[in-house]
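Enquirer: got a structure for you, letters missing:
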């Protein structure tokens, strides 16, 4: 029932997203363990896998927003994030979106505790990020091109 309510709200509020989204950048984090990355599926949205992260508050540094959002969404207190992509712009379903991408390689998979925004989490292969939003595919492609697993 919760999923249905959030889907309906998403589509009712969609016109507001068109105004707000291009104005604000978001911070996202690609967390990599072995050959997989952590993806989240928010309750509010299209139901595609995304990277943990969220909006950058006024006056907040992107890296601080990434650290904060990572802890808020999946309870991971990770620090020393590495910048992978500076402000990146992409279009998804005709909507202009901006984000800054950070990454963190970790040795072992942590215990993930979701918050009320996150419907599900999953470790997906870096080799094939299917069912993901555009920013995820872009992040994984950049990560793989830079050979950051080695």
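Expert: That came through fine. For clarity, every value in this text was computed on a predicted model and none was experimentally measured.

Enquirer: only C-alpha atoms for contact and neighbour calcs from this point on.
Expert: Noted.

Enquirer: Give me the distance between the most centrally placed residue in the chain and residue 134.
Expert: The chain has residue 51 as the residue nearest its centroid, 2.3 Å off, counting by C-alpha atoms, centre = their mean. According to C-alpha to C-alpha, to the nearest Å, residue 51 stands 10 Å off from residue 134.

Enquirer: residue boundaries of the strands in the protein?
Expert: Taking DSSP state E, the strands of the chain run over residues 25-33, 36-42, 53-55, 82-92, 95-106, 118-125.

Enquirer: Paired strands for the third one, with orientation please.
Expert: Here strand 53-55 has these sheet partners by DSSP bridges: strand 25-33 (antiparallel).

Enquirer: Go ahead and name everything in contact with the partner strand.
Expert: 37-38, 51-56, 62-63, 65-66, 70, 87, 97-109, 139-140 (C-alpha atoms under 8 Å, 6 or more residues apart in numbering).

Enquirer: Just the buried subset of these, please.
Expert: 37-38, 51-56, 62-63, 65-66, 70, 97-104, 139-140 (16 or more other C-alpha atoms under 10 Å).

Enquirer: mind listing what's buried in stretch 65-82?
Expert: Counting neighbours by 16+ other C-alpha under 10 Å, one finds that the buried residues in stretch 65-82 are 65-76, 81.

Enquirer: low-confidence ranges in this structure?
Expert: 1-23, 44-46, 87-96, 149-150 (pLDDT under 70).

Enquirer: All good on my end, thank you.
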